Structures are given as structure tokens and as C-alpha cells.
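>>> Sequence and predicted structure below; questions after.
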Amino acid sequence: MLPLLTAQQIREADAYTIAHEPISSVNLMERASKAFVSWFVNHFPDKRDTISVYCGTGNNGGDGLAIARLLFEHDYRRINVKIARYTARSTADFDVNLQRLQAMQIPLIELSESETLPQENADILIDALLGSGLNKPLDGSFRALVDHLNSLSKCVVAVDVPTGFYTDGEVELEGAALKSNLVITFQQAKINFLLPESGAYINCWEAVNIGLDTEFISSLQSPYQMVEDKDIHGILKPRTRFSHKGTFGHSLIIAGQAKTMGAALLSSSACVYAGAGLTTACVPEAGLTALNSYQAEVMAIVRNEYQLPDLELEKFKAIAIGPGLGTGDDALALLQHVITDYQKPLVIDADGLNLLAGNTILVNQLPAKSIITPHMKEFDRLFGHHTSWWQRLQTMWQKASELNIYIVLKNSYTITGTPEGQLYFNSSSNAAMAVGGMGDVLTGVITALLAQGYSPLEACLAGVYLHGRAGDELALPDKLNVVLPGQVAARVPATMAKLTQK
Ligand SMILES: NC(=O)C1=CN([C@@H]2O[C@H](COP(=O)(O)OP(=O)(O)OC[C@H]3O[C@@H](n4cnc5c(N)ncnc54)[C@H](O)[C@@H]3O)[C@@H](O)[C@H]2O)[C@@H](O)CC1
Ligand SMILES: Nc1ncnc2c1ncn2[C@@H]1O[C@H](COP(=O)(O)OP(=O)(O)O)[C@@H](O)[C@H]1O
Ligand SMILES: [K+]
């Protein structure tokens with residue numbers, strides 16, 4: 001797991017590393033700048049590009065000055081520096097780097113508050129105006145400069161953080177920030193890079209290691225963690241030689257209506273592919289032929305709207321309810337039945353969540369450690385309207401603990417909130433997966449993992465990662481625009497194989 005830090009904690013980690021490695025702060029700045037430059041030269045190898053480095057007078061600006069010097073030494077000779085001298089204050093490391101830069105043949109101009117902004121002819125702008133030290137929304141000269149640079153639509157590469165962008169806490173919707181094509185960020189992703197509001201300012205980001213003290217970072221016990229490939233390697237176990245279908249559990253998927261049978265097919269099929277020993281789907285009569293022809297391995301319990309089916313709940317190792325189920329009285333009666341009578345954690349998705357919305361009594365009865373898998377709209381229907389993703393994180397943190405459940409909030413970086421107060425960000429998946437039915441597949445995968453005896457937390461983390469990674473393996477090599485949920489389900493066994501090999 002990679003702990004994700006707030007700006008304040010990053011400052012603490014910087015200070016701790018400086019004191020205990022030990023390393024001087026100006027040398028840490030040099031190391032950070034070298035890490036930036038190593039990445040930059042690999043991705044912008046054309047040394048004929050003209051580059052303007054915009055620097056503030058804090059440490060982000062200090063990085064910018066060091067980066068300009070290092071790029072010049074790497075033979076990027078068409079480089080110039082513009083210092084936004086909008087305050088009389090500057091940091092000591094900025095001053096040292098300014099002196100070092102002045103010894104070189106790099107054109108440098110200083111912009112003052114009153115001056116009109118200079119013409120900009122460069123191909124690439126490096127943004128080192130403000131970084132993680134942002135402490136108020138941009139206004140005055142910084143705002144004017146950022147608005148001006150945004151209007152040029154140049155290729156912008158931000159140092160650590162785009163100027164004006166908050167790394168944690170609420171992102172100001174009205175606020176301005178310098179839109180970047182790429183952010184080369186120090187040590188680790190900043191929390192807000194992983195929330196959808198960052199999409200307006202950050203096209204992509206890359207974290208470069210600057211050697212901050214990792215033991216100290218772990219000791220901060222951040223509730224925000226990024227799940228990595230190796231974590232899932234640690235969770236998923238290979239199948240043993242004498243295992244049989246009974247070893248891998250029997251799961252039940254309660255889903256589908258005549259017009260939304262696809263959801264039942266996708267979730268139960270994904271459950272089979274993700275390794276449940278047996279899978280039964282509880283579907284309406286109208287869906288039986290479709291089920292039998294789509295996935296021969298799935299058994300059926302047929303239900304009708306007028307009476308509860310005899311589900312024999314206790315015989316199932318894992319149960320999911322909701323995909324395509326509808327929100328009629330019959331669906332509500334089924335949901336009430338499983339919530340009241342099943343003693344183990346349930347997986348609840350889609351219409352299961354829509355039925356829970358507004359039904360506080362039922363929500364409070366959810367079996368301990370159940371897993372709910374809302375997308376943003378389902379989340380808001382359940383827990384109230386939110387105006388930002390940061391607010392959703394806080395609600396998730398509170399509700400997961402209050403209800404003693406796992407909340408899997410689906411998105412580009414799907415977040416799993418736990419009753420113990422952790423928020424885990426997933427690192428796999430891609431935009432080709434943004435297509436209806438993809439969430440149904442995730443439900444099937446998580447249910448299969450529960451059936452195989454993984455704990456609810458393991459099922460959430462491994463299920464979400466596996467699902468996203470299968471989508472990545474299908475889409476990324478050929479840069480596919482779309483992958484279909486059924487293809488992702490069918491890919492899961494191959495992805496699982498990779499993640500279980502040592
Ligand atoms: N030793 C360290 O602490 C290291 C810091 N590094 C760099 O240092 C950056 C942080 O540097 P600083 O803490 O000096 O802060 P910044 O350089 O981000 O900002 C400079 C100063 O601008 C002022 N400011 C904040 N918001 C403003 C606004 N809206 N309008 C006008 N002024 C504003 C603040 O007083 C702030 O201290 C990181 O993003 C990173 O680039 C790296 O060099 C790695 C090592
Ligand atoms: N832009 C994206 N990047 C990465 N993953 C995505 C993206 N869009 C959607 N997904 C994934 O696809 C799934 C969509 O789930 P959901 O919205 O419930 O779909 P449905 O209800 O149609 O089945 C989630 O697992 C989500 O993480
Ligand atoms: K910056």
C-alpha cells in the first residue's frame with residue numbers, strides 16, 4: 001500500500017527527511033529537480049523544443065530554477081526563465097538556485113505586478129509558479145498570469161502540482177488553476193489528483209521518487225492508501241491440487257428483470273469467471289432461456305412477482321443482490337428477506353442500493369461487513385447530495401464505520417471505504433471501461449471472491465483491482481476506445497493467473 005499524504009504531511013515528511021537522512025533542503029530540491037528532469041527528457045526528447053519555465057519565489061519556484069539549469073545542461077538550449085516576482089519574499093533555496101542559474105547563459109526575466117505580460121512563443125511551458133504551498137485561491141497577479149497562460153493552450157508540464165490546484169480538501173469549483181497536460185509530481189500522487197474534479201486541470205500525472213523517508217511516511221498512518229499490484233499478489237492465492245468445486249463456494253446472484261436481464265447475465269457470468277465453485281442466479285421466468293444460453297455454467301432459481309422464492313439462503317457462501325432487479329414491491333420484499341435472514345456479509349449493487357435509498361431502517365439492518373458498490377449517483381441517493389468528491393470521501397469514511405460496512409465508490413480510481421476508517425484508492429482500470437454493465441461485472445467478481453473465502457476487505461480490494469486490471473490488459477495495448485463488460489468478465493481468469501503467480 002502506498003500511503004497518500006496531505007500537503008501538511010508532505011511538509012512534515014520533507015522536514016523529517018532533511019533532518020534524519022540527513023540531507024540539506026537545497027540538496028533535496030536538487031534531487032527532486034533531477035527526478036523531474038529524468039522523466040522529462042525521456043518524454044520530451046526533442047531538444048529543439050522551446051521551453052519557458054515560469055517560477056514563483058517559493059520552493060516550487062526554486063525547483064523550476066534548478067530544472068531550467070539541469071535541462072540546459074542536458075542541451076535544451078532554447079530555454080528561458082520567467083520569474084513571477086509578485087511578492088518581496090523568497091525562500092532561501094529559491095535564492096541559492098537563482099544564483100546558480102545566473103551563472104549560466106539562460107535568458108531570464110522578472111515579471112512584476114504592474115507589468116503587462118510578455119508574449120509567449122515557447123512550445124512547452126513548465127509550471128513552477130506555486131506548488132503544494134498554495135494557501136488561498138489565486139487572485140490578483142497570479143490569477144491574471146494563470147488565466148493568460150491558460151488562454152494560450154500550450155503544452156504545460158507542471159512541477160509537483162498545477163499552480164492553483166489544492167492537493168487535498170475541497171477543490172474550489174470557481175477557482176482557477178493552470179491546466180496541465182502532464183504533472184510530474186514528487187514522491188506520490190496527491191489525494192485530489194485521484195478525484196474527478198482534477199480532470200479539468202490535469203490530463204495525466206506521473207509520480208517520481210525523491211527519496212522521502214518511507215518509514216516516517218508509514219508512521220503517519222494516513223487513512224488514504226493507494227492499492228498497488230503487489231498488495232493484490234499478497235491477497236490472491238493459487239488453487240491447490242486437490243481442490244474441487246466445493247472448495248470455492250456456492251454463490252447466489254439475485255438480479256434481472258425481463259428488460260434488464262443483461263445485468264443478471266453479466267454479474268452471474270463474471271462470478272463464474274472469477275472462480276466461484278458454483279453460481280446460481282435468481283431470475284424471473286422471462287430470463288431463463290437467456291441465462292441458459294448465455295452462460296451454461298450458471299444454475300437458476302426462478303422467481304415471480306407474487307411470492308418470495310424459496311432461496312435456502314443458508315446454503316450460499318456469498319450472495320449479491322441488485323443488478324437489474326428493479327425497484328418494485330417484489331424486489332423490495334426480496335431485499336428485505338435477504339437482509340433480515342442472511343447471516344453473512346451481502347453484496348448490494350444497483351437497484352438494491354436504489355431500494356435502500358431513503359429506507360433508513362433497512363440500511364441500519366445490513367449484515368455486518370456487507371459490501372455496497374454504488375457509483376456516484378447511487379451514493380448520493382443513499383447518503384444525500386454532495387457538491388464535491390472530497391465531501392463524498394468524508395461521508396464514506398463516516399458511514400462505513402457507522403454502518404459497519406464496506407463502501408466501494410466506483411470511479412476512475414474506485415475507492416473502498418472500510419469500517420476501520422481506511423479509504424483505499426484503486427490503481428487499475430481505464431476510460432475504455434466507461435460503459436453500461438461494467439459495474440455488474442464488478443459485482444460478480446467481488447461475490448465470487450467472497451464465495452472463495454476471501455474476507456470482505458480482500459474481496460473488495462482484489463475484486464476492484466482485478467476488474468480494472470482485466471480492463472487494462474484488454475484496452476491499453478491497442479489503445480482501444482471501448483471494452484465490453486462481457487469481455488472483461490472473460491478476461492478475469494487470465495488476469496487472476498498473473499496475480500497469483502509468484
Ligand atoms: N524541502 C522541501 O520542502 C521540498 C519542497 N519542494 C517543492 O516545494 C514546493 C512547496 O514549496 P513552498 O512551501 O515554498 O510553497 P510554494 O512554492 O508552493 O508557494 C510559495 C508561497 O506562495 C504563497 N502562496 C500560497 N498561495 C498563494 C496564492 N494563492 N497567491 C499568492 N501566493 C500564494 C505561500 O506563502 C507559499 O509559501 C513543493 O510543491 C515542491 O515543488 C521540493 O523541492 C522537494 C523538497
Ligand atoms: N473513466 C473510467 N476509468 C476507469 N474505470 C471506469 C471509468 N468509468 C467507469 N469505470 C468502471 O466501470 C464500472 C462502472 O460501474 P457502473 O457505473 O455501476 O456501471 P453499470 O451500472 O452500467 O454496470 C466501475 O467499476 C468503474 O470503476
Ligand atoms: K507548479
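Nice, I can see it. Ligands and ions are numbered 1, 2, ... in the order given.
>>> wait, what's in contact with Leu278?
Counting by C-beta atoms under 8 Å, 6 or more residues apart in numbering, Leu278 touches 245, 248-251, 299. C-beta: built from backbone N, CA, C; applies to glycine.
>>> Run through the residues of the stretch 401-502 of the chain sitting next to ligand 2.
Within reach of ligand 2 by C-beta under 6 Å from any ligand atom, the stretch 401-502 of the chain has these residues: 410-412, 414, 429-431, 433-434, 436-440, 442.
>>> Now Leu450: closest residue in space, sequence neighbours ignored.
Leaving aside its chain neighbours, Leu450 sits nearest to Ala318 (3.7 Å; criterion: C-beta to C-beta, 6 or more residues apart in numbering).
>>> quick one: the one you found and Ile254 touch, right?
No. In this structure, Ala318 is not within contact of Ile254 by C-beta atoms under 8 Å, at 11.7 Å.
>>> How about the protein: which residue is closest to ligand 2?
In the chain, the residue that lies nearest ligand 2 is Gly439 (2.1 Å; C-beta to the nearest ligand atom).
>>> what about the helix or strand containing that residue, average pLDDT?
Taking DSSP states H and E as the criterion, Gly439 maps to helix 438-451. Helix 438-451 shows a mean pLDDT of 98 in the predicted model.
>>> How about it, which residues are buried there?
By 16 or more other C-beta atoms under 10 Å, the buried positions in helix 438-451 come out as 438-451.
>>> Counting by contacts, list what that helix packs against.
On a contact count with 3 or more C-beta pairs under 8 Å, 6 or more residues apart in numbering; DSSP states H and E, helix 438-451 meets strand 250-254, helix 261-273, strand 318-321, strand 346-348, helix 456-475, helix 485-500.
>>> what lines up beside the shortest one in the sheet?
With DSSP bridges as the test, strand 346-348 is paired with strand 318-321 (parallel), strand 371-372 (parallel).
>>> How about residues contacting the next helix or strand after the longest one?
So that's strand 318-321. Once strand 318-321 ends, the next helix or strand along the chain (criterion: DSSP H and E) is helix 329-341. Outside helix 329-341, the residues that touch it by C-beta under 8 Å, 6+ apart are 254, 282, 303, 305-306, 308-309, 311, 313, 319, 321-322, 325, 346, 348, 351-352, 355-356, 362, 365-367.
>>> Please apply the same query to stretch 448-458.
By C-beta under 8 Å, 6+ apart, the list of residues contacting stretch 448-458 reads 235, 248-251, 270-277, 279, 316-318, 345, 347, 369-371, 406, 416, 418, 459, 462-463.
>>> Poorly predicted segments of the chain, please.
For the chain, the stretches with pLDDT under 70 are 173.
>>> Show me which residues of it sit near ligand 2.
By the rule C-beta under 6 Å from any ligand atom, the part of the chain lying against ligand 2 is 350, 375, 410-412, 414, 429-431, 433-434, 436-440, 442.
>>> Please narrow those to those residing in helices.
The helices, defined by DSSP state H, take in 438-440, 442 from the residues of the chain next to ligand 2.
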